[in-house]
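Peer 1: My questions concern the predicted model and sequence given below.
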Amino acid sequence: MPFDLTPMEFDNDVFARDTMYRLIQEQGVLDFVETGTYVGGTTLAVQTRFPLLNVWTIETNPQFYTISAHRFVGTP
């Protein structure tokens, strides 16, 4: 069965998204580390919403890494 490569912010988990965004704002978070990039949906959403935040992401699956690496070419 093929993977669904549709980018999803926080796996469409609204509670997780809202909680994370609230914590980032309330706690003055400077760095966001995501483990399991998949295809970069959450990474892109966090970078877009918090442009001054350092966003780090880690992906061990070679297929997903390649997709994400191409998606974020030129992104610091």
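Peer 2: Cool, the structure landed.

Peer 1: quick one: V29 and N54 touch, right?
Peer 2: No. Using CB atoms under 8 Å, V29 makes no contact with N54, being 9.3 Å away. Just so you know, the C-beta spots here come from the backbone N, C-alpha and C atoms, and that holds for glycine as well.

Peer 1: Secondary structure element holding W56?
Peer 2: Assigned by DSSP states H and E, W56 falls within strand 54-58.

Peer 1: which residue is nearest the middle of the protein?
Peer 2: T43 (1.9 Å; CA atoms, centre = their mean).

Peer 1: What residues sit buried inside the host helix or strand of that one?
Peer 2: Here T43, judged by DSSP H and E, is contained in helix 41-49. Across helix 41-49, burial judged by 16 or more other CB atoms under 10 Å covers 41-47.

Peer 1: can I get those in TSV with distance to R22 and pLDDT?
Peer 2: Converted to TSV, these look like this (distance: CB to CB, whole Å; pLDDT from 0 to 100):
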residue	distance to R22	pLDDT
G41	19	92
T42	15	94
T43	19	94
L44	19	93
A45	14	94
V46	13	96
Q47	18	94
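
Peer 1: Relative to M8, which of those residues is nearest.
Peer 2: Nearest to M8 among the buried residues of helix 41-49, counting by CB to CB, is G41 at 4.5 Å.

Peer 1: hang on, that closest one packs against D13?
Peer 2: No. The pair G41 / D13 is not scored as a contact, 11.3 Å apart, by CB under 8 Å.

Peer 1: neighbours of I67, just the number please.
Peer 2: Around I67 there are 19 other residues, counting by other CB atoms under 10 Å.

Peer 1: Could you identify the longest helix within the chain?
Peer 2: When the chain is parsed with DSSP state H, its longest helix is helix 14-27.

Peer 1: angle of it against helix 41-49?
Peer 2: Interaxial angle, helix 14-27 versus helix 41-49 (axes from the mean of the first three to the mean of the last three CA atoms, to 10 degrees): 40 degrees.

Peer 1: From here on, call the first residue 17.
Peer 2: Happy to do that; since the first residue is 17 now, the last one works out to helix 30-43.
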